[in-house]
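Asker: I'd like to go over a predicted model; first the sequence, then the structure.
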Amino acid sequence: MKGIVGFLLGAVALAIVGVVCWTMASLERDVVRAEQDINTLNYAGAEAAYDRAERYFEYASHIPGIGNGPLNDIRARKAALRYWQRDYASIVPKQSDPVTAIPNENVELQFVVANAVYRAGIARAKDRSTTLQALDAGINADMVVLKNAKRHDEAAYNLEFLARLRDDVEKGRRKAPQGLLTPLGSMGFPAPELKNSPEFKLLVPLDSEERTKLGNAGKAVPRARKG
């Protein structure tokens, strides 16, 4: 009898493990589809997939061996998705120090929030004073990220950029930025048609007839020696 009970308990445990594995695989497929949706600008589809994954990972976070890692990743992805749509209000917590409101273990989400803090502030800035306030908020946000991360090159770069920009604005070396100035710079515009010049040389591929006249690469006619 004990043997039958043990067999049944083992079968139930295996069934539970199978369901968990199948669910996790389905979630991974949803995340992959969400990335595809983002690439095709189907943001609604991507957010729906992230919402489903977040609900399941909330339950899975209580299972030993899984923890909060997958849940933190999904929440960071959701925030990044809204960030690229400039929906900063839904990302930034209402606290006076919004980045510290994010759990320290989710550094990537903190980084997204830090960027949103700066972008939201600089977009509202109208003069030198409000620009400095927005820069201070961005600097403080990046400092929180760096405090909680063992290494974060992007946050370090942003911090240095904002610190230099603030110093320039404060000392009058640069005017308050118009519009949304970012560490990555402003969007470029198509350059005028380039022409040959001492600085730029246009290299045009040879057509088949020209290649035939010149011969195969490495088999050119040897130069005649002088003398």
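Answerer: Perfect, I can see it now.

Asker: What are the buried residues along stretch 107-120?
Answerer: Going by neighbour count (16 or more other CB atoms under 10 Å), the buried part of stretch 107-120 is 107-120. Just so you know, the C-beta spots here come from the backbone N, C-alpha and C atoms, and that holds for glycine as well.

Asker: and that stretch, what's its mean pLDDT?
Answerer: Averaged across stretch 107-120, the pLDDT comes to 95.

Asker: same deal with stretch 80-99?
Answerer: The model assigns stretch 80-99 a mean pLDDT of 90.

Asker: what's in contact with it?
Answerer: 38, 43, 46-47, 50, 79, 101-102, 110, 112-117, 119-120, 140-141, 144-145 (CB atoms under 8 Å, 6 or more residues apart in numbering).

Asker: Likewise for stretch 63-73?
Answerer: 20, 27, 53-54, 57-58, 60-61, 103, 105-106, 108-109.

Asker: From those residues, list just the buried residues.
Answerer: By 16+ other CB under 10 Å, those give 27, 53-54, 57, 60, 106, 108-109 as buried.

Asker: For those residues, give me JSON lines that also has distance to Glu170.
Answerer: Formatted as JSON lines, the buried ones among the contacts of stretch 63-73 follow (distance: CB to CB, whole Å):
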{"residue": "Leu27", "distance to Glu170": "48"}
{"residue": "Ala53", "distance to Glu170": "44"}
{"residue": "Glu54", "distance to Glu170": "41"}
{"residue": "Phe57", "distance to Glu170": "44"}
{"residue": "Ala60", "distance to Glu170": "48"}
{"residue": "Asn106", "distance to Glu170": "33"}
{"residue": "Glu108", "distance to Glu170": "31"}
{"residue": "Leu109", "distance to Glu170": "31"}
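
Asker: Arg164: which of those is nearest?
Answerer: Comparing those against Arg164 with CB to CB places Glu108 closest, at 24.7 Å.

Asker: Please name the residues that touch the closest one.
Answerer: Glu108 neighbours (CB under 8 Å, 6+ apart): 72-73, 76.

Asker: can you put the residues you listed in TSV and add secondary structure and neighbour count?
Answerer: Output for these, formatted as TSV (DSSP: H, G, I helix; E, B strand; the rest coil; neighbours: other CB atoms under 10 Å):
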residue	secondary structure	neighbour count
Asn72	helix	19
Asp73	helix	16
Ala76	helix	19
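
Asker: now those as JSON lines including distance to Gly172 and pLDDT?
Answerer: Converted to JSON lines, those look like this (distance: CB to CB, whole Å; pLDDT from 0 to 100):
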{"residue": "Asn72", "distance to Gly172": "43", "pLDDT": "91"}
{"residue": "Asp73", "distance to Gly172": "44", "pLDDT": "91"}
{"residue": "Ala76", "distance to Gly172": "38", "pLDDT": "94"}
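
Asker: If it's not too much trouble, I'd like those exported to a markdown table so that distance to Ala155 sit alongside each entry.
Answerer: Shown next, in a markdown table, are the contacts of Glu108 (distance: CB to CB, whole Å):
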| residue | distance to Ala155 |
| --- | --- |
| Asn72 | 16 |
| Asp73 | 17 |
| Ala76 | 13 |
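
Asker: That'll do, ta.
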